[in-house]
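Chemist: test case, fold it:
(2 chains)
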Amino acid sequence: MAGKHLLMTFEVTPTSHTLAEYRARGGYQALEKAITTMTSQQVTAEVTASGIQGRGGANFSAGRKWSVVNLKDEQVHYLCANADEGEPGTFKDRWILENAPHLLLESMLIAAYALQVRHAFIYIRGEFDLPYRRISGALEEAYGAGYFGKPLFGTDFACDLIVYRGAGSYVCGEASGLLTSLEGKRGFPRNRPPRLTVRGLYQRPTVVNNVETLSNLAGIIRDGAAAFKGAGTAKSPGTRLVSVSGHINRPGVYEVEPGRPFRELIYDTCGGIPGGRKLKAVIPGGISTKVVTGEEVERIRLDNEDLAGVGSGMGSGGMVVIAEGTCMVRLLQVLLRFYHHESCGQCTPCREGMGWMHRIIDRIVDGHGVPEDLERLKQISAWNDGNTICGMGDAAGYATTGILAKFGDEFDYYIANKRSRNGGNLECPAST
Amino acid sequence: MPRIYIDGRPYEADARQTVMEVAAANGIAIPAFCWHPKLSVSGSCRLCAVQVEGRSWVEISCNMPVTEGLRVLTDSDVVRAYRKSILQLTTLNHPVDCGICDKAGECLLQDYHYEHNGSASISRDPKVHATKFHPLSPRIVLDNERCVLCSRCVRFTHEVSKSKSLGMVQRGDTTLIRASEDGAFGTDAYSDNVVDICPVGALLSRDFLYKSRVWYLQPTRSVCPGCERGCAVNLWHRKPEWKLNSLDPAKNRAIERITPLDNPAVNGPWICNKGRDMARILERPRALQALVAGAPATLEAAIESARDLLAAARRPLALVSSWASDEELAAFSASLGARVRVLVKRDRAPEAGEVIEDGLLIRPDKNPNTAGARALFPDLWDGTSALPDADLVLAWGEGFDIARAPQGARTLVLAAWADPAHARADVLIPISLQTERHGHYTNFQGVKSAFEPCFARPDPVADAETLFARLAAAREAAA
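Modeler: Next up, the predicted model:
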């Protein structure tokens, strides 16, 4: 795709993920630069200056998250990479774990140096097989080359890293649920306050960052914050990995530069919709971001600011493309089934609300819906909004209210006529 | 000391407290299922939400740190609407089978529904069904449909009883509370406390299951006699106005259940399972017939014979009861203490398999007032060594085998419960039970706790407190 590339800068070959090839591309030089020429505070300052935002979905400034950790508090600090990529439609971190594992490891060492972390973790989702083997293999190589477990470059800084496999839970991708799971407990998210950077893993200050966020650090240190800010927009600096799936000719992971037209990604980079069909909608950043209509896609740029203008956001970069002729009622049914299945059951609004919404949408699809059901779905979404321990309840509400706001007429039709206006299609309808 | 404002009124708070704790300390009731003063914060029921003045949304008070000048509202329109919505969700899959639920009448969900919601469910969809009567242990059954997943019981076994024996399986609205497979919940000596802290009727005591509606019962404050901790308890028995005349009159004098009475100086809000089962010890067959030389006699005749024995004795020895109240012991000391050699007797020894001692409540001495008795009579009889020479043994309470009396000694026994061996005593005087009189026990820490009577004393039974004065008065009259 047109635009700058910061992560996808090499050709993927069967051996491009190895330490030898990574070093041949200049790997681990940023680490040496950070440790031998910069202090921890300077690294953090550089990351803050780059303006990089979290790539897991919340877009929170990584520098601000780090700045909460007090390097002089005499406590143990932890760093954890969130590789529990569970947001439906999102598979961008998988690309990094499979093809650039050393980029993540080097970046984590830089982050560990900045935050004075002795033990770092990668919490990887249990379903990831090749990514797990690649990152484990890379870690073995890195230990063999002396990057882990030993003092580096003549300083007394050393870091160990543990790769921990999750057991398959959406909620364990939420940072506090992830840490609770990492501690060996049931993966329940925790109440804030305290923030995880105050009391996280084993009650110690812990920074949890997304894999993609961390993987940008090596580049930021190597080329400087200014070079990073040279890509993207003023408010969304750098590039974003997006994973495109759904009704699209060339699904996959792409690196995009925020600020370019949205339609360029859909029609040029990804080759448009199969059969030349019209674009009905796009879920732009994982199913927890609100849906964007095809008409909106035509006129906006692909960045947080423009997406916020149409009530959505870049989220986790998991893009689901929906072609004309798809039944949005059945789509919402799929989404709500997912949320019902993945609600951890800890707090009341989500535990009871997800099942309730799922039963309502099931009833609508079965032809037993009543007009009041749509009101009820919005009401349950509102009850969840901001009132749950983690963001999952809110997310389900966003998905629901987003679809209802933009495609409410399809639901009215379904309830009135007891059938779908689009034949209940979820697969890309055959070309007409 | 930050000052915070709840509903406009100022309250002094500790900087480490949460808004919920400040409210609770000042008698402001904020509804909550999952919050419990002795357990960690879970924040899962969401019912305790309050509104910070000036904000349009609500936040949970159980996890809201106190800050100087914080102003919260516990009864604003936003809060009331939010509580209604949470109660709609809480009752969504709750069976609302209060008519057959043991918790009815003391159920938080019932109370909160009446107080804060009051409307029928707005759901059109069927409820989620789950396991009924799941045996968590031989003592406790779980109704998963009634469970609101507040996790109080799970946190109790992790934080208080430390058996770590309860947890959750599955997730979402099919989450179930389950006991660990190793059976640790069955051997948790404090497991029944989860029945008390369960805000709804999910955790049920097998012992109390379907025994009585709670509104037919009244609590009487008492002290558990199970060990020297002397936990404060409530003995629940039938209200006099709900007396059963023909159906099952025995229930009128039955202890239906025993629950802890919060006493921070002794036991906090917990008691052990043995304390719950004290009715089995207290309700053994009573000694109701005075005996003289094994033959039935009137109480008056038995007291007559007893004072003759005492008057004739040259070397009388008394084994005083460690189940006697401070008042009874003082009466004994005042009346007979100067004349009689006194040893304190441990009435009950640990039973086979009983927990001897642990770090929470259970103490090795299984008698409630050994400390109170030894404050007056320092000498303790260990129960096994030979008794000192005596020509009369006055055995007060259990734990003395008449065959062990010194050669040729006469025996005078004061007993509350029947025992065939009583026929071998020279005189038996039946005495009243803890549940039939006022009194105090002094526990091993020196804390005095009061107990009150639940039932009237049966006629042919003497009160030890007044008995000794009569025995002593007789001696003086005879002299």
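Chemist: interface residues of the stretch 301-432 of chain A facing chain B?
Modeler: Within the stretch 301-432 of chain A, the positions near chain B by C-beta under 8 Å from any C-beta of the partner chain are A:340-349, A:351-356, A:359-360, A:363, A:370, A:373, A:376, A:379, A:383, A:386-389. (Glycine included, C-beta is placed from N, CA and C.)
Chemist: if we go to 6 Å?
Modeler: Residues of the stretch 301-432 of chain A found near chain B (C-beta under 6 Å from any C-beta of the partner chain) are A:343-349, A:351-352, A:355-356, A:359, A:383, A:386.
Chemist: in TSV, list these along with secondary structure.
Modeler: Converted to TSV, those look like this (DSSP: H, G, I helix; E, B strand; the rest coil):
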residue	secondary structure
A:Ser343	coil
A:Cys344	coil
A:Gly345	coil
A:Gln346	coil
A:Cys347	coil
A:Thr348	helix
A:Pro349	helix
A:Arg351	helix
A:Glu352	helix
A:Gly355	helix
A:Trp356	helix
A:Arg359	helix
A:Trp383	helix
A:Gly386	coil
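Chemist: and the furthest pair within those?
Modeler: A:Arg359 and A:Gly386 (23.5 Å; C-beta to C-beta).
Chemist: more neighbours: the two, which one.
Modeler: A:Arg359 (20 against 14; other C-beta atoms under 10 Å in any protein chain shown).
Chemist: run a quick neighbour tally on the spatially closest residue to that one that is not a sequence neighbour.
Modeler: Leaving aside its chain neighbours, A:Arg359 sits nearest to B:Asp125 (4.1 Å; criterion: C-beta to C-beta, 6 or more residues apart in numbering or on different chains). Other residues near B:Asp125 number 18, with proximity taken as other C-beta under 10 Å.
Chemist: show me the domain layout of the chain.
Modeler: Picked chain A for this. A:19-229, A:240-323, A:328-417 (automatic domain parsing).
Chemist: wrong one, I was asking about chain B
Modeler: Using automatic domain parsing, the domains assigned to chain B come out as B:3-90, B:134-282, B:291-478.
Chemist: of the ones you listed, which approaches A:Ala416 most closely?
Modeler: domain B:3-90 (26.8 Å).
Chemist: same question for that closest one, mean pLDDT?
Modeler: Domain B:3-90 comes out with an average pLDDT of 96.
Chemist: quote the end-to-end distance of it.
Modeler: One end of domain B:3-90 sits 34 Å from the other (C-alpha to C-alpha, to the nearest Å).
Chemist: returning to that earlier point: pipe the domains of chain B into CSV and attach distance to A:Ile221 per row.
Modeler: Formatted as CSV, the domains of chain B follow (distance: least, C-beta to C-beta, whole Å):
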stretch, distance to A:Ile221
domain B:3-90, 37
domain B:134-282, 40
domain B:291-478, 52
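Chemist: mean neighbour count added to those, as CSV?
Modeler: Formatted as CSV, these follow (neighbours: other C-beta atoms under 10 Å in any protein chain shown):
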stretch, mean neighbour count
domain B:3-90, 18
domain B:134-282, 19
domain B:291-478, 18
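Chemist: need the ones you listed in TSV (columns: distance to chain A).
Modeler: Converted to TSV, the domains of chain B look like this (distance: least, C-beta to the nearest C-beta, whole Å):
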stretch	distance to chain A
domain B:3-90	4
domain B:134-282	4
domain B:291-478	23
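Chemist: how about the nearest residue to A:Tyr414, chain neighbours excluded?
Modeler: Closest to A:Tyr414 by C-beta to C-beta, 6+ apart is A:Val329, at 4.8 Å.
Chemist: is the one you found within a helix or a strand, and which one?
Modeler: helix A:328-342 (DSSP states H and E).
Chemist: what's stretch A:124-134 in contact with?
Modeler: Contact with stretch A:124-134 is made by A:17, A:83-86, A:94, A:97-98, A:101, A:165-168, as judged by C-beta atoms under 6 Å, 6 or more residues apart in numbering or on different chains.
Chemist: and the two most separated of these?
Modeler: Applying C-beta to C-beta across those, the maximum distance is between A:His17 and A:Ala167, 25.5 Å.
Chemist: so which of those two has more stuff around it?
Modeler: Using other C-beta under 10 Å, the more surrounded residue of A:His17 and A:Ala167 is A:His17, with 22 against 10.
Chemist: name the helix or strand for the more buried one, please.
Modeler: Counting by DSSP H and E, A:His17 is part of no helix or strand.
Chemist: for it, what are its contacts?
Modeler: So A:His17 contacts A:Asn99, A:Pro101, A:Arg134 (C-beta under 6 Å, 6+ apart).
Chemist: before we move on, the earlier item: list of residues touching the helix holding A:Val329?
Modeler: Contacts of helix A:328-342 (C-beta under 6 Å, 6+ apart): A:170, A:287, A:354-355, A:357-358, A:361, A:365, A:396, A:399, A:403, A:407, A:410-411, A:414, A:424, A:426.
Chemist: shaky segments in chain B?
Modeler: Where chain B drops to pLDDT under 70, the residues are B:474-479.
Chemist: now the stretch 101-250 of chain A against chain B: closest residue?
Modeler: Proximity of the stretch 101-250 of chain A to chain B (C-beta to the nearest C-beta) peaks at A:Asn191, 4.1 Å away.
Chemist: so B:Tyr216 is in contact with B:Trp242, correct?
Modeler: Yes. If you go by C-beta atoms under 6 Å, B:Tyr216 and B:Trp242 touch, sitting 4.4 Å apart.
Chemist: so among the contacts of stretch A:124-134, where is pLDDT lowest?
Modeler: Lowest pLDDT among these: A:Gly168, 87.
Chemist: nearest spatial neighbour of B:Pro225, skipping sequence neighbours?
Modeler: Sequence neighbours aside, B:Pro368 is the residue nearest to B:Pro225 in space, at 4.0 Å (criterion: C-beta to C-beta, 6+ apart).
Chemist: residues contacting that neighbour?
Modeler: B:Pro368 touches B:Pro225, B:Gly230, B:Tyr441, counting by C-beta under 6 Å, 6+ apart.
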